[in-house]
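**Q** Need the 3D shape of this:
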Amino acid sequence: MEDDRARLIVIVAGYTNEMNRFIESNPGLKSRFTKTIHFPDYTPQEMREIFESLVRENQLNAPHELFEVSQKDFAALSNKPNPGNARDVRSYFEKTLEKQALRVMADEVIEPGELENLVVADLPVVAP
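**A** Take a look at the predicted model:
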C-alpha cells in the first residue's frame with residue numbers, strides 16, 4: 001500500500017461496531033484508514049420503496065395493502081440489531097416469491113396471470 005499510496009484506494013465496509021473493532025485491531029490500520037463515511041440505515045418507508053421497486057422490476061402486480069403491511073414489517077426489521085437494510089428487503093422479497101409459488105402450486109391448477117399477482121398472504125412472517 002505504501003509504495004503506491006497516490007494511486008491506490010482501499011475501501012472497507014461493514015457494521016459500525018465491527019468496523020471499529022477491525023480498525024482498532026492493528027495500529028497500522030488506524031493510520032491507513034483515516035476517512036470514515038457513515039451511511040444511515042434506511043427508514044421503513046425507504047425500505048418499502050425498495051420493495052415496491054423490486055415488485056415493479058419483476059413485473060408483478062400487488063394491492064396497495066400489501067405495501068402498507070410490508071412497511072410495518074420493515075419497521076420491525078429496523079428495530080433488530082444490525083439491520084441489513086437493502087439485504088433485508090431483498091430477502092423479504094425472495095421469501096414473498098417463495099410463499100407466492102407455494103400458494104399457487106397448492107391450487108394444482110395455475111390460472112393465467114396468477115404468477116404475476118402478489119397478495120398479502122404471500123408476505124413472509126416477521127417476528128416483532
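**Q** which residues sit against the lowest-mean-pLDDT helix or strand in the chain?
**A** Lowest on mean pLDDT, DSSP states H and E among the helices and strands of the chain sits helix 27-32, with a mean of 87. Identification of contacts with helix 27-32 by CB atoms under 8 Å, 6 or more residues apart in numbering yields 1, 10, 22-24. (C-beta placed from N, C-alpha, C; glycine too.)
**Q** Let's see if you can find the most crowded of those.
**A** Within the contacts of helix 27-32, most neighbours by other CB atoms under 10 Å means I23, with 17 neighbours.
**Q** just checking, that residue touches N17?
**A** No. Between I23 and N17 there is no contact under CB atoms under 8 Å: 11.1 Å.
**Q** Need the residues touching each of these two.
**A** Counting by CB under 8 Å, 6+ apart, no residue touches both I23 and N17.
**Q** which outside residues touch the next helix or strand after the least confident helix or strand of the chain?
**A** Next along the chain after helix 27-32, taking DSSP states H and E as the criterion, comes helix 44-57. Contact partners of helix 44-57, identified using CB under 8 Å, 6+ apart, comprise 42, 62, 67, 70-72, 74-75, 77-78, 85-86, 88-90, 92-93, 118.
**Q** what is the rounded mean pLDDT of helix 44-57?
**A** Taken as a whole, helix 44-57 has a mean pLDDT of 96.
**Q** try stretch 67-80
**A** Here the average pLDDT along stretch 67-80 is 92.
**Q** got the CA positions of it in PDB?
**A** The C-alpha trace of stretch 67-80 is given here as PDB (Å, rounded to 0.1, in the frame of the first residue of the first chain):
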ATOM      1  CA  PHE A  67     -47.100  -2.400   0.600                       C
ATOM      2  CA  GLU A  68     -48.700  -1.000   3.800                       C
ATOM      3  CA  VAL A  69     -48.200  -4.300   5.600                       C
ATOM      4  CA  SER A  70     -44.600  -4.600   4.200                       C
ATOM      5  CA  GLN A  71     -43.800  -1.200   5.700                       C
ATOM      6  CA  LYS A  72     -44.900  -2.400   9.100                       C
ATOM      7  CA  ASP A  73     -42.700  -5.400   8.700                       C
ATOM      8  CA  PHE A  74     -39.800  -3.200   7.700                       C
ATOM      9  CA  ALA A  75     -40.300  -1.200  10.900                       C
ATOM     10  CA  ALA A  76     -40.000  -4.400  12.900                       C
ATOM     11  CA  LEU A  77     -36.900  -5.400  10.900                       C
ATOM     12  CA  SER A  78     -35.400  -1.900  11.500                       C
ATOM     13  CA  ASN A  79     -35.600  -2.400  15.300                       C
ATOM     14  CA  LYS A  80     -33.400  -5.500  15.200                       C
END
